[in-house]
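S.K.: please work out how this folds:
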Amino acid sequence: MERTEPEVEVSVPVWSVDEYAKRRGLSEEERRRLSQLFGAFATACELQHNTSQPARWR
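M.R.: Take a look at the predicted model:
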């Protein structure tokens, strides 16, 4: 049995941490924390899972 790599490349959306913070309205403290954690860029999934967002009630 031989293992092969898939031929299709999957692209992962990468965001600038500063741009993400501006678009989401994050505080300066939260933006600084994300910058320390990831540097200048991170994937969208990493950013979403590492921000605290308030609950949106009706």
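
S.K.: okay, CA-based contacts and neighbour counts for the rest of this
M.R.: OK.

S.K.: can you pull out the helices in the protein?
M.R.: 17-24, 28-38, 44-49 (DSSP state H).

S.K.: quick one: which of these is nearest Glu9?
M.R.: helix 44-49 (17.7 Å; C-alpha to C-alpha).

S.K.: ok, the residue positioned nearest the centre of the chain - contacts?
M.R.: In the chain, the residue lying closest to the centroid (C-alpha atoms, centre = their mean) is Leu47, at 2.5 Å. Taking C-alpha atoms under 8 Å, 6 or more residues apart in numbering, we find Leu47 in contact with 17, 34.

S.K.: what is the burial count for Ala40?
M.R.: 13 (other C-alpha atoms under 10 Å).

S.K.: same question, Ala42
M.R.: 19.

S.K.: check the one 4 residues further on too.
M.R.: The number of residues packed near Glu46 is 13, by other C-alpha under 10 Å.

S.K.: against Trp15, how distant is it?
M.R.: Going from Glu46 to Trp15 by C-alpha to C-alpha, to the nearest Å gives 10 Å.

S.K.: then Thr4?
M.R.: The separation that Thr4 has from Trp15, given C-alpha to C-alpha, amounts to 30 Å.

S.K.: out of the two, which sits in the busier spot?
M.R.: Ranked by neighbour count (other C-alpha under 10 Å), Thr4 and Trp15 place Trp15 first, with 17 against 6.

S.K.: wouldn't that one be in contact with Thr43 here?
M.R.: Yes - between Trp15 and Thr43 a contact is recorded at 5.9 Å, counting by C-alpha atoms under 8 Å.

S.K.: for Leu41, what are its contacts?
M.R.: One correction, residue 41 is Phe, not Leu. So Phe41 contacts 14-17 (C-alpha under 8 Å, 6+ apart).

S.K.: from the residues you listed, pick the one nearest Glu28.
M.R.: Closest to Glu28, out of all of the contacts of Phe41 and judged by C-alpha to C-alpha, is Val17, at 11.5 Å.
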